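1. starting from these lines, generate the structure:
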Amino acid sequence: MRCGSYIYGPDIQRQVSPDGRRVVTASLDKTVRLWDAKTGQQIGEPLIGHTEVVLSAAFSPDGRRVLTASATRRCGCGTP
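-> Next up is the predicted model:
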């Protein structure tokens, strides 16, 4: 969620997409979420699949993919 210029929640890590339109969050609840950077609204459903806390989430340089890593050393790659 967005409150002023801050995004808050049980997130461990956040990153803004290269075009500045989206934010990806890695969360304590084992999910990855995409957000609209302007409105603060969640885009779609949470991305699930990790079985432990998601420690990191990042956009690829072209912004077309999201890379994730969890506490179990499991990595993922998906298209937002």
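2. ranges for the helices of the protein?
-> Counting by DSSP state H, the chain forms no helices at all.
3. helix or strand with the lowest mean pLDDT in it?
-> For the chain, counting by mean pLDDT, DSSP states H and E, strand 2-3 ranks last in confidence among helices and strands (a mean of 39).
4. just the strands from this protein, written as ranges.
-> 2-3, 6-7, 11-16, 22-27, 32-36, 42-47, 54-59, 66-70, 75-78 (DSSP state E).
5. and these as JSON lines, adding mean neighbour count?
-> The way it works is simple: take the backbone N, C-alpha and C, and place the C-beta from them, glycine included. Shown next, in JSON lines, are the strands of the chain (neighbours: other CB atoms under 10 Å):
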{"stretch": "strand 2-3", "mean neighbour count": "12"}
{"stretch": "strand 6-7", "mean neighbour count": "13"}
{"stretch": "strand 11-16", "mean neighbour count": "16"}
{"stretch": "strand 22-27", "mean neighbour count": "22"}
{"stretch": "strand 32-36", "mean neighbour count": "21"}
{"stretch": "strand 42-47", "mean neighbour count": "13"}
{"stretch": "strand 54-59", "mean neighbour count": "20"}
{"stretch": "strand 66-70", "mean neighbour count": "19"}
{"stretch": "strand 75-78", "mean neighbour count": "12"}
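6. thank you, goodbye.
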